[in-house]
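1. Let me see the structure of the following:
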Amino acid sequence: MPTHVRLEGSDRPRQRDAVRVADLDPGDPIEVTVTLAGPDLPEPQPDDPFSRETLRRRYGADPDVIGRVTEALRGFGLQIDEHSELTRSLRVSGTAAQMEEAFRAGLGTYRDPDGKLFRGREGDLQIPAELEGLVTGVFGLDQRRVAYRKQHSSASALTSPVSPAELAEHYNFPGGTGAGQTVAIAEFGGGYFADDLAAFCAKQGTPMPTVTTAGVNGAPILTLKQIQRLPQPQQTEQLEDSIEVNMDIEIVAGLAPGAAIVVYFSTFDQKGWVDLLDQVIDGRPASPVAVSISWGLAEDDPDWSKAALRAVNERLQALSSLGITVCAAAGDDGSGDQETDGRAHVDFPASSPYALGVGGTMLEGTTDVVWWESPGQRTGSGGGSTGGGVSVEFARPSWQDVHITSLNRGSIDGRVVPDVAALAGAPLYDLVFMGQSSANGGTSAATPTWAALIALLAADGWKAGFLSPLLYRPGRGGEPLGAAGCVDVTSGNNTSPTPGRGYEAGPGFDAVSGWGVPNGARLLSALKAT
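-> Model (predicted):
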């Protein structure tokens, strides 16, 4: 029998409250994504992004490594369906028995607390000894969910929601439509309803944008009719996710109607994250200037493996090196981020140093304040507040020269989230769903707002690059670009019931609103001046 070694970072505990109910059928087909070692990726240079060819040539997987891994896995009967030097990954398929022989995963069928069955595992993976140092991750054996977001419901929906034109005026967005730019949107459930987008555009008096959908990792691209034919529990879940999907699309369409939109639908497991970002890195079907991700999970939630955090973070780093800004929601459940251990938490991928973390605000009259609705996290009857805080997984990058102390005693000097903010609470966004006017919000709405703004900035003469480090760079007169190009938010906090304390807004940068909400025209001017 071939000698195996432990794959670093692959450990996963049993999903909380899940029960193993059966072994897998040895003949069950499985596809995995195998990630490969390569040179350390560069820190992004916002003023001089790489081309894909330069990134592949300098930092891609060595063809010899691909060959050695391919040969070893074929020895277990596995099939190599695709390989990429640029993304340093292999798509591999085979039977459950072959996967077990290659990776010793101990796969089984599990039932989660909602009664849903999924393929899962516990403990470490092992890889053939000759692949030690060559393989960094194997994703897809375990299908547990690690992409979450919930519909934002709130009493603030009783107020008059804002239109894109009103929001653009409030945030002093530069003129133009974003023509010539592409915004990508990442989705892990739900469907795209073209009729709703058409009704929204007609209501707002904006042209219908070009929308392209892309299925990733076998994920379906669902229509409303297909969802309505599903059994009731799946139908309800998919419709709830679809509210959020169509919100993302409508916000970008309303604020940057000339920009093309690519919507990626992927599976909500670790493999889904890796494969979706690989496809964006590849530029399939188009190369975006910004990516909007309104999904996430606390960075230290045990359902993330360390290998997956590393794999996703590396892909965000690759995208930032290509000059693509990934906008990621800071979360809607305050300082606890849905964890219940009494500590403060931040959401991933917003906590990545290679993302633009986007927090949430609300309006009190015409004044932007931190979004907080009792009890500070989402419940069945409303509530919620912006995520934000200090990472326990990612060190503070050198460009983020700010002084925020973690609420967690003994924590590292970690990456601070968010970088910026936008409307998440009252009075919410004026949208259309299933033919009816609707209002919605959350940091899931603030995130595509910033993605749309980036498209407008790029279309209006900014030589687009990774935005996050630029916000901390001194501009003319020594003022950071974030301070020059944002309206400071100085009131509010993100305290949630657990841990019972949160971060506070104040003058200047803070861990609930970052630099604040956008002043688009001033930000464009500051960026052009650097």
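2. Show the average pLDDT along stretch 9-18.
-> For stretch 9-18, the mean pLDDT works out to 95.
3. buried residues in that stretch?
-> Within stretch 9-18, the residues that count as buried by 16 or more other Cβ atoms under 10 Å are 9-10, 12, 14-15, 18. In short, each C-beta sits where N, CA and C put it, glycine included.
4. now what about it, what contacts it?
-> 20, 110-113, 118, 120-125, 136-138, 142, 144, 302-303, 305-308, 310 (Cβ atoms under 8 Å, 6 or more residues apart in numbering).
5. Please narrow those to those residing in strands.
-> 20, 110-111, 118, 120, 136-138 (DSSP state E).
6. pretty sure residue 337 is touching residue 343, no?
-> No. When contacts are counted by Cβ atoms under 8 Å, residue 337 is not listed as touching residue 343 (9.9 Å).
7. Compare these two and say which one has the larger neighbour count.
-> Taking neighbours as other Cβ atoms under 10 Å, residue 337 and residue 343 compare with residue 337 leading, 30 against 20.
8. For the more buried one, give its distance to residue 222.
-> In this view, residue 337 and residue 222 are 28 Å apart by Cβ to Cβ, to the nearest Å.
9. what do you get for residue 115?
-> From residue 115 to residue 222 the distance is 22 Å (Cβ to Cβ).
10. Who has more neighbours out of these two?
-> Comparing residue 115 with residue 222 by neighbour count (other Cβ under 10 Å), the higher total belongs to residue 222, at 23 against 7.
11. Contact partners for that one?
-> Residue 222 is in contact with 190-192, 238, 242, counting by Cβ under 8 Å, 6+ apart.
12. can you redo these as TSV with secondary structure, pLDDT and distance to residue 421?
-> Shown next, in TSV, are the contacts of residue 222 (DSSP: H, G, I helix; E, B strand; the rest coil; pLDDT from 0 to 100; distance: Cβ to Cβ, whole Å):
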residue	secondary structure	pLDDT	distance to residue 421
190	coil	96	25
191	strand	97	29
192	coil	97	27
238	helix	95	30
242	helix	96	26
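13. Nearest to residue 525 among the residues you listed?
-> residue 192 (35.3 Å; Cβ to Cβ).
14. what about the closest one, how many neighbours?
-> For residue 192, the neighbour count with other Cβ under 10 Å is 22.
15. Is it in contact with residue 213, as I believe?
-> Yes. Look at residue 192 against residue 213 with Cβ under 8 Å: they come within range, at 5.7 Å.
16. any shared contact partners between these two?
-> In contact with both residue 192 and residue 213: 221, 263, using Cβ under 8 Å, 6+ apart.
17. Show me the shaky parts of the stretch 1-150 of the chain.
-> Scanning the stretch 1-150 of the chain for pLDDT under 70 picks out the ranges 1-2, 150.
18. Can you show me the strands along it?
-> Using DSSP state E, counting those that start in this stretch, the strands of the stretch 1-150 of the chain run over 4-6, 19-23, 29-36, 79-84, 89-95, 108-111, 117-120, 126-128, 135-139.
19. and these, which is most packed in?
-> Per-stretch averages of neighbours, counted by mean count of other Cβ atoms under 10 Å, single out strand 135-139 among the strands of the stretch 1-150 of the chain, with a mean of 25.
20. hmm, who's touching that one?
-> 7-10, 32-37, 69, 103, 125, 127, 269-271, 274, 305, 307-308, 310-311.
21. For residue 49, find the nearest of the strands of the stretch 1-150 of the chain.
-> Checking the strands of the stretch 1-150 of the chain against residue 49 by Cβ to Cβ gives strand 79-84 as the closest, at 19.5 Å.
22. Show me the domain layout of the protein.
-> 4-139, 155-467 (automatic domain parsing).
23. Please render these as JSON lines that adds distance to residue 521 to the earlier fields.
-> Formatted as JSON lines, those follow (distance: least, Cβ to Cβ, whole Å):
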{"stretch": "domain 4-139", "distance to residue 521": "20"}
{"stretch": "domain 155-467", "distance to residue 521": "5"}
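24. Pick the most buried one from those domains.
-> domain 155-467 (a mean of 22).
25. so how far is the helix or strand hosting residue 368 off the chain centroid?
-> Residue 368 is part of strand 367-370 when elements are defined by DSSP states H and E. Put simply, strand 367-370 sits 24 Å off its chain's centre (Cα atoms, centre = their mean, to the nearest Å).
26. For it, give me every contacting residue.
-> By Cβ under 8 Å, 6+ apart, strand 367-370 touches 359-363, 385-386, 421, 423, 487, 489, 491-494, 505, 512-513, 516-517.
27. can we see that at 10 Å?
-> 170-171, 359-363, 385-386, 388, 421-426, 486-494, 502-505, 510, 512-513, 516-517 (Cβ atoms under 10 Å, 6 or more residues apart in numbering).
28. coming back round to it: quick check: the two most widely separated of the contacts of residue 222?
-> 192 and 238 (11.7 Å).
29. Spell out which residues are contacts of both of the two.
-> 222, 224, 245.
30. per-residue confidence at the first one?
-> Model confidence at residue 222, expressed as pLDDT, equals 94.
31. Isn't residue 35 up against residue 313?
-> No. Using Cβ atoms under 10 Å, residue 35 makes no contact with residue 313, being 11.6 Å away.
32. Let's see the distance spanning stretch 387-400 from one end to the other.
-> 18 Å (Cα to Cα, to the nearest Å).
33. Could I get the contacting residues of the residue lying closest to residue 308 once chain neighbours are set aside?
-> Closest residue in space to residue 308, ignoring its immediate chain neighbours: residue 270 at 4.2 Å, by Cβ to Cβ, 6 or more residues apart in numbering. Counting by Cβ under 10 Å, 6+ apart, residue 270 makes contact with 12, 33, 137-147, 303-305, 307-309, 311-312.
34. same question, residue 6
-> Shown in contact with residue 6 (Cβ under 10 Å, 6+ apart): 104, 123-127, 132.
35. on that earlier part again, strands paired with the strand holding residue 368, and their directions?
-> Partners of strand 367-370 in the sheet, by DSSP bridges, are strand 356-364 (antiparallel).
36. Export the strand it pairs with to CSV, keeping only CA atoms.
-> This file holds the C-alpha atoms of strand 356-364, laid out as CSV (Å, rounded to 0.1, in the frame of the first residue of the first chain):
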residue,chain,number,x,y,z
LEU,A,356,-12.3,45.5,0.1
GLY,A,357,-14.3,44.9,3.3
VAL,A,358,-17.7,46.7,3.1
GLY,A,359,-19.7,47.6,6.2
GLY,A,360,-23.2,49.0,6.6
THR,A,361,-24.8,52.3,7.6
MET,A,362,-28.3,53.7,7.8
LEU,A,363,-29.7,57.2,7.5
GLU,A,364,-31.0,59.3,10.4
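37. Rounded mean pLDDT for that strand, please.
-> 98.
38. next one: that strand to chain centre, how far?
-> With Cα atoms, centre = their mean, you get 16 Å for strand 356-364.
39. circling back to that earlier point, which of the contacts of strand 135-139 fall within helices?
-> Counting by DSSP state H, those place 69, 103, 270-271, 274, 307-308, 310-311 in helices.
40. hang on, residue 144 packs against residue 109?
-> No. Contact criterion Cβ under 10 Å: residue 144 and residue 109 do not qualify, at 12.0 Å.
41. Between these two, which contacts overlap?
-> Common neighbours of residue 144 and residue 109, counting by Cβ under 10 Å, 6+ apart, are 118-120.
42. ok so, going back, kindly reformat the ones in helices among the contacts of strand 135-139 as TSV containing distance to residue 329.
-> Formatted as TSV, the ones in helices among the contacts of strand 135-139 follow (distance: Cβ to Cβ, whole Å):
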residue	distance to residue 329
69	35
103	33
270	19
271	21
274	19
307	23
308	18
310	21
311	20
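43. returning to that earlier point: nearest to residue 64, of the strands of the stretch 1-150 of the chain?
-> strand 29-36 (10.9 Å).
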